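> show me the folded form of this:
(2 chains)
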Protein chains: 2
Amino acid sequence: MRRFATERAKRLLFGSLLASRSPLSAFHCSSPAAAAAMDPAAGVLTVDTINPKVLKCEYAVRGEIVSHAQRLQQELQNKPGSHPFDEILYCNIGNPQSLGQQPVTFFREVLALCDHPSLLDKSETHALFSADAIARAWQILDVIPGRATGAYSHSQGIKGLRDAIAAGIADRDGFPANPDDIFLTDGASPAVHMMMQLLIRYEKDGILCPIPQYPLYSASIALHGGSLVPYYLDESTGWGLEISELKKQLEDARSKGITVRALVVINPGNPTGQVLAEENQREIVNFCKNEGLVLLADEVYQENIYVDDKKFNSFKKITRSMGYGDDEIPLVSFQSVSKGYYGECGKRGGYMEVTGFNAEVREQIYKVASVNLCSNISGQILASLVMNPPKVGDESYESFNAEKNGILLSLARRAKALEDAFNSLEGVSCNKAEGAMYLFPRLRLSQKAITAAKAVNAAPDAFYARRLLDATGIVVVPGSGFGQVPGTWHVRCTILPQEDKIPAIISRLKAFHEAFMEEFRD
Amino acid sequence: MRRFATERAKRLLFGSLLASRSPLSAFHCSSPAAAAAMDPAAGVLTVDTINPKVLKCEYAVRGEIVSHAQRLQQELQNKPGSHPFDEILYCNIGNPQSLGQQPVTFFREVLALCDHPSLLDKSETHALFSADAIARAWQILDVIPGRATGAYSHSQGIKGLRDAIAAGIADRDGFPANPDDIFLTDGASPAVHMMMQLLIRYEKDGILCPIPQYPLYSASIALHGGSLVPYYLDESTGWGLEISELKKQLEDARSKGITVRALVVINPGNPTGQVLAEENQREIVNFCKNEGLVLLADEVYQENIYVDDKKFNSFKKITRSMGYGDDEIPLVSFQSVSKGYYGECGKRGGYMEVTGFNAEVREQIYKVASVNLCSNISGQILASLVMNPPKVGDESYESFNAEKNGILLSLARRAKALEDAFNSLEGVSCNKAEGAMYLFPRLRLSQKAITAAKAVNAAPDAFYARRLLDATGIVVVPGSGFGQVPGTWHVRCTILPQEDKIPAIISRLKAFHEAFMEEFRD
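Numbers count the residues shown, from 1 in each chain, chains lettered A, B, ... in the order given. A predicted model of the protein is given here:
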């Protein structure tokens, strides 16, 4: 097999014509070195000679459907009126500000002041910034050594900002948090990569992940060369997480020789939007404890809860309320400035709180963090702000609170309107978005639609999503990008378009769906 | 040493005392899974069960000497006067603003305005910001879709900012640059990781790296599981890069079955400070072309040149001036906002310009970039600014230019003063810092000093660096962290302390060195 790869490289370089092969066969190749030594050009990169783990990695939320949407957008720009819609509506990704959500004023005031601290000495500044933003900027500058906002920080992040974050966690949970457990990162994604890098040694190391899952997990596990061990969420119980399913999948993986090292839980769920009940979380903690698994808790949607009967509980709080001490449950909690009501995706801020690891392992995590020196300081500052927003009595409190509640209440209304719309469609059922930013409706497609999809070499849900995009400009991600029970089809749709656009979106969606069902009626 | 660690870990877990194994044996172990299935706790992390590539990785510029310095700093803070110095001088890392360098005003004005765009609508803003900073902020907002500075961008970075960077590259080189070749990143480090991830498939994939090297390369190669193939720079010719040495090391590696995939060149050099001559660069390009190697050009110090007879030439310019077209030389040029005269390390901005790869490989690079969504927007904006600073006629031009030249001329004076100081020390020789931010003096240590170092289980240069720190508070990094010809000893010292501190640093250094030489005279 390798021989062909080398030959293909030769063909590209030297113009000869030989047969070709699958790009993944490089996995099975033991030593291309001898060939390379004879043929220097084999060292030059082709898809046949790059790291096969990279080839294997997939990331649907920025995949083919988005590339197609970008082409359509370009066409609309070059030739307005060339499509049956005026704009592309990116419902593929949790990127609130790209769809018109405004940043929270207080946070941006503080960031601007920290970016240009000499403003703090000018009298005009008081006309432009709130008093508590100015005070907060001073507080932040005072904890930055030398007030140097342009210096690399400690590799875990600026100590004073970690203190603030730890205080915010303690307020949230009612249990203490240690600033030395906080690792500030450029968003949650690099934090997840860091943990995968630490955990995965070889292909037989497995990570239990929910299906459907956020594809960062499958991508990161593929890039680090491990195995994703799936556990299925139960759509019929509102995407319930059953311990019996965890056990079954764990035993199944072990019987195949896989060392399962960690359990990923996304709460609130992405793409599924469910919020875990406290009792369920306790069971999960005990399961990890009994099975010797690291618990990787993706809690980036902790502020996005839209129903009165559910509440976010961090896994840290759950473990402590169960009586487990700091060193008993290896737990990593991921948080990000990209989500919540702030939605500051472009700032790339976030942190992980790492508890329950011994000192030697902690040192190794620190070392990996240090190779990239530190995360960006604006993101660090913003992470400290979202964990410590204005409080009652602060000058900004009322306007801040109005902005925050305005966004969260609007998100709840949008979630409900879109959920109802999906449920009104023939053959579609959609669980409630209790939290997060997504709906994950199930599509029951006709045999005729499935056959038509097959004919163009597409999964049925990808076929549906593509037709939806071409007809309406709405971008959703096929369920296959997240994983789903085989034979079921879904799409993920964010709840993020601005509220005044929702009615038009719903009527376009309905019109498209009716026409699609008619066209492909068996 | 490791044996004890393993035993300790086991003892901690099981309280029993069992025989052990090398930490790297996990590489050769085909199935630890059976054991794990019987013993769930084996899944919990210890240094013996984490990814051995992480254990193997080292990163000296934030290593043991820095941890020791941080302890001393804490002691000084808790008990002033407890050491024979008042402050720790961190000369271990190229972090200018941590040592008092002020940020460039124009850059920070634009960043603050982009962080809080509603400032642009207020009349008071004109009293606080220069007119061209306001104009530039408008320009930048206009190229950000929806003016959403808080949104995830295109995974390569905002297109309009890449246009600006490409224009800056074209101005610099006199050859066109394509914005689609630019990948904006959170500093140069993630860009280097991305390329290593693409290039390294298994242990037998090798990357040619200079010795001494910046340890990002050795760390990144270790983390991705490849082999560092060293080539030695010639200290006797001012850290010259000889093609005969490249050939020799390449052939040697190939004879060991290693597939050499890429050549890393750091120009200006880190830690060595040399600036490559144009003719030498042409030879390097031809070497890569002939041997089928990707050329990884670390050009982050492109604005840091301190001697009149040397000039920075990008490898992109060199290849184009040799007549090679866009698709003939696989070349990646790394740039960062952390270096130059700006020194904005905390902003984590940078880019790589990727040329000479085919479309399929480019797609894979894009995919890897997309898994982390995008780099931080402030860093992206700053990268566009450093590649397009104020021009003659702009309101800020004169003050900007004064700040820029002030910093660069001061760096040149500091480099010369410290170089002269090192050369005045007994047994020390130091090449000129033609560029970058470092000196890498060679220490000729007595047998007695070497023996004393051995007695405390330290490399002789680490022993010297530790003694220097304890006596003076000056933090330098031992040469062993960068690699050096066996049997030679060096330290890396940045030229970054503020100019008014240099005389005191030099006299402390001299006094320490004289005492050290006396103490350990054979």
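
> what residues are up against residue A:408?
Counting by Cβ atoms under 8 Å, 6 or more residues apart in numbering or on different chains, residue A:408 makes contact with A:303, A:304, A:306, A:341. C-beta here means a position set from N, CA and C on the backbone, and glycine is covered the same way.

> who does the closest residue to the second one other than its chain neighbours bridge with?
So that's residue A:304. What sits nearest to residue A:304 in space, not counting adjacent residues and going by Cβ to Cβ, 6 or more residues apart in numbering or on different chains, is residue A:435, at 5.0 Å. On the basis of DSSP bridges, residue A:435 is bridged to residue A:305.

> tell me the spacing between residue A:435 and chain B.
20 Å (Cβ to the nearest Cβ, to the nearest Å).

> and that residue, how many neighbours?
28 (other Cβ atoms under 10 Å in any protein chain shown).

> and for residue A:383?
Count around residue A:383 with other Cβ under 10 Å applied: 29.

> select the longest helix from chain A.
helix A:397-423 (DSSP state H).

> tell me if I'm right that the residue nearest to residue A:304 and residue A:312 touch.
Yes. In this structure, residue A:435 is within contact of residue A:312 by Cβ atoms under 8 Å, at 7.2 Å.

> list the residues that contact both of these two?
With Cβ under 8 Å, 6+ apart as the test, residue A:435 and residue A:312 both reach A:268, A:275, A:305.

> what's near enough to touch the second one?
Just to be clear, that refers to residue A:275. By Cβ under 8 Å, 6+ apart, residue A:275 lies in contact with A:267, A:268, A:269, A:305, A:307, A:310, A:311, A:312, A:434, A:435.

> kindly recompute the last result at 10 Å.
Residues counted as contacts of residue A:275 (Cβ atoms under 10 Å, 6 or more residues apart in numbering or on different chains) are A:238-239, A:267-269, A:301-302, A:304-307, A:309-313, A:432-436.

> was I right to think residue A:237 contacts residue A:432?
No. Counting by Cβ atoms under 10 Å, residue A:237 does not reach residue A:432; the two are 11.8 Å apart.

> can you give me the strands for the stretch 401-522 of chain A?
Taking DSSP state E, counting those that start in this stretch as the criterion, the stretch 401-522 of chain A carries its strands at A:428-429, A:438-439, A:442-443, A:474-475, A:477-478, A:489-494.

> the stretch 101-250 of chain A now?
Under DSSP E, counting those that start in this stretch, the stretch 101-250 of chain A gives strands at A:182-185, A:205-211, A:227-232.

> what's the most buried one of the ones you listed?
strand A:182-185 (a mean of 28; mean count of other Cβ atoms under 10 Å in any protein chain shown).

> so who does the residue nearest to residue A:304 touch?
Residue A:435 neighbours (Cβ under 10 Å, 6+ apart): A:267-270, A:272-276, A:301-307, A:310-312, A:411-412, A:415.

> now list the buried members of these.
Among the contacts of residue A:435, those classed as buried by 16 or more other Cβ atoms under 10 Å in any protein chain shown are A:267-270, A:272-276, A:301-306, A:310, A:312, A:411-412, A:415.

> may I see the strands of the stretch 101-250 of chain A organised as JSON lines, with distance to chain B and mean pLDDT added?
Output for the strands of the stretch 101-250 of chain A, formatted as JSON lines (distance: least, Cβ to the nearest Cβ, whole Å; pLDDT from 0 to 100):
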{"stretch": "strand A:182-185", "distance to chain B": "10", "mean pLDDT": "98"}
{"stretch": "strand A:205-211", "distance to chain B": "8", "mean pLDDT": "97"}
{"stretch": "strand A:227-232", "distance to chain B": "11", "mean pLDDT": "97"}
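
> can I get those in TSV with distance to residue B:206?
What follows is the strands of the stretch 101-250 of chain A, written out as TSV (distance: least, Cβ to Cβ, whole Å):
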stretch	distance to residue B:206
strand A:182-185	30
strand A:205-211	25
strand A:227-232	28
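
> between those strands, which gets nearest to residue A:45?
Checking the strands of the stretch 101-250 of chain A against residue A:45 by Cβ to Cβ gives strand A:227-232 as the closest, at 26.5 Å.

> against which helices or strands is that closest one packed?
strand A:205-211, helix A:216-223, helix A:243-255, strand A:259-266 (3 or more Cβ pairs under 10 Å, 6 or more residues apart in numbering or on different chains; DSSP states H and E).

> let's see that with 7 Å instead.
Applying 3 or more Cβ pairs under 7 Å, 6 or more residues apart in numbering or on different chains; DSSP states H and E, one finds that strand A:227-232 makes contact with strand A:205-211, helix A:216-223, helix A:243-255.

> now do that strand against helix A:243-255, angle only.
Here the directions of strand A:227-232 and helix A:243-255 differ by 150 degrees (axes from the mean of the first three to the mean of the last three Cα atoms, to 10 degrees).

> give me the sheet partners of strand A:227-232 and which way each runs.
Strands that pair with strand A:227-232, judged by DSSP bridges, come out as strand A:205-211 (parallel).
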